[in-house]
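K.L.:
here is my input, please return the structure:
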Amino acid sequence: MPSSHQIRQQFLDHFAKHGHTIVPSAPLVVKDDPTLMFINAGMNPFKDLFLGNRPITQRRIADSQKCLRVSGKHNDLEEVGIDTYHHTLFEMLGNWSFGDYFKVEAIQWAWELLVDTYGIDPSKIYVTYFGGDAKDGLDPDTETRDLWLQYLPTERVLPFGKKDNFWEMGESGPCGPCTEIHVDVRSEEEKKLVPGAELVNGDNPHVIEVWNNVFMQFERRSDGSLHPLPARHVDTGMGFERLCMVLQGKRSNYDTDVFQPLIQALAKACGMTYGKDEMADVAMRVVADHLRAIAFTIADGQLPGNTGAGYVIRRILRRAVRYGYSFLGLDEPFIHALVPVLAEQMGVQFPELRKQQELIINVVLEEERSFLRTLETGTKRLEQLITENKGTLSGAKAFELFDTFGFPIDLTQLMAREQGVDVDMKGFEVELKKQKDRSRAATTITTGDWTDLATGTTEFIGYDTFSTKARILRYRQVKDKAGDRYQIVLDRTPFYPEGGGQVGDQGWLVQGTAKVAVLDTRRENQLIVHFTKELPPDVAAPVVAQVDEHRRKLIRRNHTATHLLHFALRKVLGTHVEQKGSLVSADKLRFDISHFARITPEELEQVQAEAQALVRADIPLEEMRDVPVKEAMGMGAMALFGEKYGDAVRVIKFGESVELCGGVHVPRTGEIGALRIVSEGALAAGIRRIEAITSEAAEQFVEARLDTLEKLQHLLKEPKDAVTALEALIEQNNALAKELEKAAMEKVDALQHTLLEHAVQKPNGRLLAREVDLDANGMRELAFRLKDANKDLLLVLGAKRDGKALLAVMVGDDLQAKGLKATDAIKALAGEIKGGGGGQPFFATAGGKDPEGLGKALAKAAALLD
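P.N.:
Residues are numbered from 1 along each chain as shown. The predicted structure follows:
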C-alpha cells in the first residue's frame, strides 16, 4: 500500500516527466484578491495568468496546493467531520497548461497516471463530460467524449449538464467545459445492487470524484454572454485525500495515513478507541481536520481574531475544542499537543509547519485556554437562561449562546432538554440566517465588465518618480460597501499598490484643468488598480498620474523605520525574533513580532535607542532589483513568512539591515528624523505588537507632551521639580481619601445599630426601605453586615449622589427560599429613577438619572412583600 508521501511524489514526478515545472504551494492567506480570504481552489494562485494580467513565463506547471473551504456546496463548517470525505483544509494536486497542451494530452496523461502509475482498476473508473447547454448555445463536448472512449466503454462515459460539467471562475471571467473522473470503491456485492453509473454525481461517499480537468476556452461577460479566449488553458484539480483513500483501499479519507496519525494520537490522549463510538469518532475527525486548517493558516501568517479571516480561524478552532469538550471528555487544552504530530507528518512537503511549530503551539494553546473559559461562562449563562425561560428557550437566546460563546446548538438543546425546556429552533434559524445575510452583504462586490482601451501591462515606476504621463488601458465600475467607484488601470504608474503591510498610494489623475482624486491603489490579481469616484473627462486621452508626494514621504519613512526596528529587535532580544505582520501608513507604523516573553521597559528603551542611532547615522539606501532569490538569501536577506516570492526579488539594505521588500523607502535613514515607540503589548501567545511613530507624528507627540508638562507646571505653581511636587500631591490626596473612607465607615457603623428600628413587619417578612447618606460602597457594606443576622429582611436603600439616584436591594435567605430575588426587585424599582441595574439573587444595585423618583421607588418596595 503506497504512503501518502509516495502518492504525492508520484503525481509530481509524472508531470515533471511531461515537461511541467514543479512549484511549491502558495500561502493559504490571499493578499491581492478582494473576492477571497483564503486559497480555496488549486487554480487561485494562477488566476492572474488566466485573466491575462501577468505574462506567462512557464507554460506547464504542476503542484500540490493547500486549500481551505468553510462554506459553499458540501463545505458548511458544521458538516465537516460528520461525513467521511469533506474537509476544511485539503491538498489539491494540479497540472496546468497556459496556452500549451489541451484536451488530448490532459486526458491521456490523466489516464496514464491513474491506471499505469497508480494501478487503479479501469473497471472502477467512470468519467463525465459536458452534455451541452441550449441557453448558452453550447453543443455537447463530443471531443472530450470521443477521447475517453479510447479508454472506456460507452456506459462509463457519461454526459452531464452545466451544473456539474461546466466550470466558471465566478459570475464573470474565464470558464469552460470540464471532465470529471470518478472511482467506484464499493464492494462487489454493493456494485451488483446498484450500477456505479447511477451513483455518479449523486453524493455517494464511495462513488467519488477524484479529479476534475477544466478546459478553459471561454470568457463569461457580466451580461452573461460567452466569448472565446485568445488562448486555451487546462486547469486540473485532484483531491489528494480522496486519492489516498482510493489507493490505500479505505472507505473513508479519515482512515488513510493522512489523518490516522492525528486520530490515533488523539484517541490515546483521551483514552478512547477510534471506531467504537459514533459521536466520539465524529469528534476525533473534527479535531484532526480542524487542527490541519488551524496550523497551516497560522504558519502562513493568519492569527485567530474577531474579524475577517482571523474570525474564520477562531471559529474552526473553537469548533474543534467544543467537540473534544462535549464528546471526548477533554476539559483541558489538548489540540496544541497534536501540532508536533502534524509537523512530523507533513513538514517535509510543507516546511513552514516545522519552522513555525513553536508559534503554532503557543497560539493554539492560548486560544484553547481562552475558549474553555468562555465555555464555562457560556454554561453558566445557559443555566441562567434555562431557569429564566421555563417551557421554551427563545431562538434569539439560543443564537446568543452560539454566536457569543460558541455553544453548538445541539449542546444547547441537550442541556435544555435535561431541564425540561424546549429550544425554539425556527427562531434560531432565523437569527442564523440574519447573521449570514449581514456577512454576505458586507463582502458583496458588484463589478462591471472591463472597458478595454488598449492592450498591454502596467509598468510600475514608483520607486523612481512621483508622477508620470500615462494612458488608461482599461476601466470598470464597481460597487461595494464604500459605494460606487471606478477601477482604472494605466500603462505606467508611480502609484504603489497596497501590499507587504504598506497602504496604497493616494493622489490624482490630471487631465488639463480636471483633477480626479485617486482614493486608493491596490493590486488585484497582479493588476495595479487605481480607485476613483469619477473618470477623467476623456478616457482615451493621456493623463498625468501624480502621487500625493507629502503622504508618500511619510509612508516611506515609516516603512524604513520598520526595517530598522526589526534589526534593533533582533539585536536586543535575539535572532529568534521574526516579523509576523505589519501596517505602514502615513501616520504610524505597527509591527508584530514573534517573542515568547514580555518585552521589559529596559529592553524597549534599548531597542528604541538602537533604532534611533541608525536614523542619526544617515545610512544610505542600497536597493537591488531583480536579484535571484537564492542569491538574495545568500546575502542574509530576511524573507517574511506567509509571503510568496518569485524567482527574482528586490533587496533593501540599510547598513547591516537586509530584507526582501517591495515597498517604498527613504534614500537615507536621516530623512526619518525622529522615531519613537509609543506602545508595546501582547497580540497573541508568542506574538508582541509594537506601535511607533516617526517624522512629523513623532515631533507632534513630543510637542504635545511638552505642552502637557507646561500645563502641569502651571497648575503646580511652577515647582522646581514637577515630579516631586506631583508625588506629594498624590500622597496628600490618598491621605484625604482614607479620611473620607473612615468617615463613611463611621456612618455605616452608626446605621448598622439604628436602622433596624425602622423595619416594618409584613405578611411575608420584614421590610426596611430608607434613604441614607451613603455612597454605593457604603450601601453595599451596610447590606452585607445586616444580611446574615436578618434572614427575613428585605432591605431597600436609596441615596442621591452627584445629581443621580442610587438603589441597593438585599434579600435575606428566608425570603430567597420563598422565591424573592434581589435582581427581580431591582428591576421592579429601577424604573422609578429612570435607570437600570442588576446583580445576584441576594444583592443587586441600580443607578438612575432621576433622583426625584427615589421616594416613589422606596414606597413601591412595600408591594414586594405583599
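K.L.:
what's the pLDDT at Lys644?
P.N.:
pLDDT recorded at Lys644 is 68.
K.L.:
centroid-wise, who is the farthest residue in the chain?
P.N.:
The outermost residue of the chain, judged against the average C-alpha position, is Glu757 (61.9 Å), by CA atoms, centre = their mean.
K.L.:
enumerate every residue touching that one.
P.N.:
The contact partners of Glu757, taken as CB atoms under 8 Å, 6 or more residues apart in numbering, number zero. In short, each C-beta sits where N, CA and C put it, glycine included.
K.L.:
secondary structure class for it?
P.N.:
Under DSSP: H, G, I helix; E, B strand; the rest coil, the three-state class of Glu757 is helix.
K.L.:
check what pLDDT the residue nearest to His595 when sequence neighbours are not counted gets.
P.N.:
Once flanking residues are discounted, His595 sits nearest to Arg688: 5.0 Å by CB to CB, 6 or more residues apart in numbering. On pLDDT, Arg688 comes in at 92.
K.L.:
give the buried residues for stretch 556-566.
P.N.:
By 16 or more other CB atoms under 10 Å, the buried positions in stretch 556-566 come out as Arg556, Arg557, Asn558, His559, Thr560, Ala561, Thr562, His563, Leu564, Leu565, His566.
K.L.:
quick one: contacts for the fourth one?
P.N.:
Shown in contact with His559 (CB under 8 Å, 6+ apart): Gln502, Val584, Leu589, Cys661, Gly663, Val664, His665.
K.L.:
please work out the average pLDDT along the helix or strand containing it.
P.N.:
According to DSSP states H and E, His559 maps onto helix 549-573. Per-residue pLDDT over helix 549-573 has a mean of 96.
K.L.:
now the helix or strand following it and helix 549-573, what's the angle there?
P.N.:
Downstream of helix 549-573, the next assigned helix or strand under DSSP H and E is strand 579-584. Comparing the axes of strand 579-584 and helix 549-573 via axes from the mean of the first three to the mean of the last three CA atoms, to 10 degrees yields an angle of 150 degrees.
K.L.:
buried residues in stretch 203-219?
P.N.:
Buried, per 16+ other CB under 10 Å, within stretch 203-219: 204-219.
K.L.:
mind putting the contacts of His559 into TSV with secondary structure and pLDDT?
P.N.:
Converted to TSV, the contacts of His559 look like this (DSSP: H, G, I helix; E, B strand; the rest coil; pLDDT from 0 to 100):
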residue	secondary structure	pLDDT
Gln502	strand	95
Val584	strand	96
Leu589	strand	96
Cys661	coil	92
Gly663	coil	94
Val664	coil	96
His665	coil	97
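K.L.:
give me the nearest residue to Leu864, chain neighbours excluded.
P.N.:
Per CB to CB, 6+ apart, closest to Leu864 is Ala825, 5.6 Å.
K.L.:
count the neighbours of that neighbour for me.
P.N.:
Residues lying near Ala825 (other CB atoms under 10 Å) number 24.
K.L.:
before we move on, which element is it in?
P.N.:
helix 822-830.
K.L.:
which parts of the stretch 101-250 of the chain are strands?
P.N.:
Under the criterion DSSP state E, counting those that start in this stretch, the stretch 101-250 of the chain contains strands at 125-130, 157-160, 166-168, 173-184, 207-220, 226-239.
K.L.:
ditto for the stretch 751-866 of the chain
P.N.:
Going by DSSP E, counting those that start in this stretch, the stretch 751-866 of the chain shows strands at 760-762, 765-771, 793-801, 804-811, 835-839, 843-848.
K.L.:
partner strands of the shortest one, with direction?
P.N.:
Pointing back at strand 760-762 there. With DSSP bridges as the test, strand 760-762 is paired with strand 765-771 (antiparallel).
K.L.:
just the angle for the strand it pairs with relative to strand 804-811, thanks.
P.N.:
Going by the same axes, to 10 degrees, strand 765-771 makes 160 degrees with strand 804-811.
K.L.:
now do strand 765-771 against helix 822-830, angle only.
P.N.:
Using the same axes, to 10 degrees: strand 765-771 against helix 822-830 is 50 degrees.
K.L.:
circling back to that earlier point, so the residue nearest to His595 sits in a strand?
P.N.:
Yes: when three-state DSSP is applied, Arg688 is found to be in a strand.
K.L.:
on that earlier part again, how about the helix holding Ala825: buried residues?
P.N.:
Those would be Ala822, Thr823, Ala825, Ile826, Lys827, Leu829, Ala830, for helix 822-830 by 16+ other CB under 10 Å.
K.L.:
okay, now Val23: neighbour count?
P.N.:
16.
K.L.:
distance of it relative to Lys515?
P.N.:
As judged by CB to CB, to the nearest Å, Val23 and Lys515 stand 44 Å apart.
K.L.:
quick check: end-to-end length of stretch 539-553?
P.N.:
29 Å (CA to CA, to the nearest Å).
K.L.:
what sits up against that stretch?
P.N.:
Around stretch 539-553, the neighbours that count as contacts under CB under 8 Å, 6+ apart are 451, 453, 462, 466-472, 475, 490, 492-496, 505-511, 516, 518, 530, 536, 586, 664, 666, 671.
K.L.:
cutoff 7 Å now
P.N.:
453, 462, 466-472, 475, 490, 493-495, 505-511, 536, 586, 664 (CB atoms under 7 Å, 6 or more residues apart in numbering).
K.L.:
Ala597: which of the buried residues of helix 822-830 is nearest?
P.N.:
Thr823 (43.2 Å; CB to CB).
K.L.:
correct me, but that closest one touches Gly838?
P.N.:
Yes: assessed by CB atoms under 7 Å, Thr823 is found in contact with Gly838 at 5.9 Å.
K.L.:
list residues touching both of those two?
P.N.:
Ala844.
K.L.:
chain neighbours aside, what residue packs nearest to Cys175?
P.N.:
Glu168 (4.1 Å).
K.L.:
state the distance from Ala861 to Ile833.
P.N.:
In terms of CB to CB, Ala861 sits 13 Å off from Ile833.
K.L.:
who's more crowded, those two?
P.N.:
Ile833 (25 against 22).
K.L.:
list the contacts for the closest residue to the more buried one other than its chain neighbours?
P.N.:
In space, and not counting its chain neighbours, Ile833 is closest to Gly848: 2.9 Å by CB to CB, 6+ apart. Neighbouring residues of Gly848 by CB under 7 Å, 6+ apart: Lys804, Ala805, Ala830, Ile833, Lys834, Gly835.
K.L.:
quick one: which two of the residues you listed are the most distant?
P.N.:
Lys804 and Ala830 (12.3 Å).
K.L.:
quick one, strands of the stretch 301-450 of the chain?
P.N.:
392-393, 422-423, 446-447.
K.L.:
so can I have CSV of those strands showing distance to Gly406 and mean pLDDT?
P.N.:
Listed next are those as CSV, based on distance: least, CB to CB, whole Å; pLDDT from 0 to 100:
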stretch, distance to Gly406, mean pLDDT
strand 392-393, 17, 86
strand 422-423, 16, 88
strand 446-447, 33, 80
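K.L.:
need the strands of the stretch 101-250 of the chain in TSV with distance to Tyr486 and mean pLDDT, can you?
P.N.:
Shown next, in TSV, are the strands of the stretch 101-250 of the chain (distance: least, CB to CB, whole Å; pLDDT from 0 to 100):
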stretch	distance to Tyr486	mean pLDDT
strand 125-130	36	97
strand 157-160	40	96
strand 166-168	25	91
strand 173-184	19	94
strand 207-220	21	93
strand 226-239	23	91
